[in-house]
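> Prediction below, plus the sequence it came from.
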Amino acid sequence: MDTVEEMFKKSGLRMDIKPKYCLYTYDQIINEVEKVSQDASEIIKYSPDNCKILLYHFKWNSTKLTEKFFDASSAKEFIKKNGIKYIIDDSLKEEDAIIVEECKICKKMKDVAILSCSHLVCFDCWKDIARSAKEKLKDSDVLPYLTCDYEGCKAPIPETFTLQLFRDPETYHFYQHMRLKKLHVNVASHSALIVMISHIPHFHVF
C-alpha cells in the first residue's frame, strides 16, 4: 500500500508540513460520527439519530449546533430559524414502531413500520425501496438518511431502521460511503469531524 506522501504525489498534490487534513480509517470515522452525535445528544437532548441530521445541517460543527440551539427560545424556533426541513419523532419508542395495519403501498394487511411522518409501509415494500437506495441517496437533501417515498413525502428514515433494510453488502457499503462523503472539517473546532475525501483525487478511506 502506498504511503500517505506517495498518495498525495500521485494525485499531483503537495503535502503540507502542517496538513489541514487528517487521514482516518473507515472504523475511526464511524466511531467519531457516533461519538459526536452522542455528545450532542447529551447536550441538546435530541436523539443521536436526530443529532446526526442536525450535525449534517451544521457541517458537523457541534459547537455551532449547540450555540444556535441555545440561542433560540424554543426547539421549534431553532428548527424554523435555521431552516431545518426534517426531524425524526423522538417520542416514538422502538417497541411501538411496528404494528399490523394496511400498507400504504401494497394495500395488504401486514406488519408495518411507523415513521415520524405516520405513513405505514410494510417491510416487503421497504425492502423494494432499499433496492433503489443508490438513486434515492444521491438525490436526498437530508443525507445521511433515506426518506419516506410515499406520495412525495421526504421525512427522514431513522438510520437504525435503514441499516436493517440493507442486506446485500454492495448497497450497505454504498450507504455507508454516502454517510461519510459529505463530512468535512472545521480545523478551528476540535468538535468537528476531520474528513474531506471528496475533494482529494484518488483519495480513499481505508
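Thanks, I have the structure now.
> And the helices in this protein?
Assigned by DSSP state H, the chain shows helices spanning 4-10, 26-44, 48-57, 62-71, 75-81, 123-131, 133-139, 159-165, 169-181.
> Quickly, which of those helices bottoms out on average pLDDT?
Here the lowest mean pLDDT among those goes to helix 133-139, at a mean of 62.
> mind putting the helices of the chain in CSV, distance to Lys104 and mean neighbour count included?
Glycine gets a C-beta too; all of them are placed from N, C-alpha and C. Formatted as CSV, the helices of the chain follow (distance: least, C-beta to C-beta, whole Å; neighbours: other C-beta atoms under 10 Å):
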stretch, distance to Lys104, mean neighbour count
helix 4-10, 48, 14
helix 26-44, 30, 16
helix 48-57, 22, 22
helix 62-71, 33, 17
helix 75-81, 26, 13
helix 123-131, 8, 17
helix 133-139, 17, 14
helix 159-165, 16, 17
helix 169-181, 23, 16
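> Distance to Ser116 added to the ones you listed, as a markdown table?
Formatted as a markdown table, the helices of the chain follow (distance: least, C-beta to C-beta, whole Å):
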| stretch | distance to Ser116 |
| --- | --- |
| helix 4-10 | 42 |
| helix 26-44 | 17 |
| helix 48-57 | 10 |
| helix 62-71 | 19 |
| helix 75-81 | 13 |
| helix 123-131 | 15 |
| helix 133-139 | 17 |
| helix 159-165 | 11 |
| helix 169-181 | 19 |
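> what's the closest of the ones you listed to Ile114?
Among those, the nearest to Ile114 by C-beta to C-beta is helix 159-165 (10.4 Å).
> coming back round to it: nearest to Cys106, out of the helices of the chain?
Nearest to Cys106, of all those, is helix 123-131, at 5.6 Å by C-beta to C-beta.
> these two touch, right, Lys68 and His57?
No. Lys68 is beyond contact range of His57, at 9.5 Å (criterion: C-beta atoms under 8 Å).
> what touches both of the two?
Asn82 (C-beta atoms under 8 Å, 6 or more residues apart in numbering).
> how much space between Ser73 and Ile79?
Using C-beta to C-beta, to the nearest Å, we find Ser73 at a distance of 12 Å from Ile79.
> correction: Asp39
In terms of C-beta to C-beta, Asp39 sits 20 Å off from Ile79.
> swap in Lys64?
Relative to Ile79, and taking C-beta to C-beta, Lys64 is found at 15 Å.
> Mind pulling up the pLDDT for the spatially closest residue to Phe161 that is not a sequence neighbour?
Excluding the flanking residues, the one nearest Phe161 by C-beta to C-beta, 6 or more residues apart in numbering is Ala113, at 6.6 Å. For Ala113, the pLDDT comes out at 77.
> Show me the beta-bridge partners of Ala113.
Beta-bridge pairing of Ala113 under DSSP bridges involves Ile98, Val121.
> residue contacts, it?
Ala97, Ile98, Leu120, Val121, Cys122, Phe123, Trp126, Phe161.
> what about 7 Å?
Residues in contact with Ala113 (C-beta atoms under 7 Å, 6 or more residues apart in numbering) are Ala97, Ile98, Val121, Phe123, Trp126, Phe161.
> Format those as JSON lines; extra columns: distance to Gly152.
Listed next are the contacts of Ala113 as JSON lines, based on distance: C-beta to C-beta, whole Å:
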{"residue": "Ala97", "distance to Gly152": "22"}
{"residue": "Ile98", "distance to Gly152": "24"}
{"residue": "Val121", "distance to Gly152": "14"}
{"residue": "Phe123", "distance to Gly152": "22"}
{"residue": "Trp126", "distance to Gly152": "17"}
{"residue": "Phe161", "distance to Gly152": "20"}
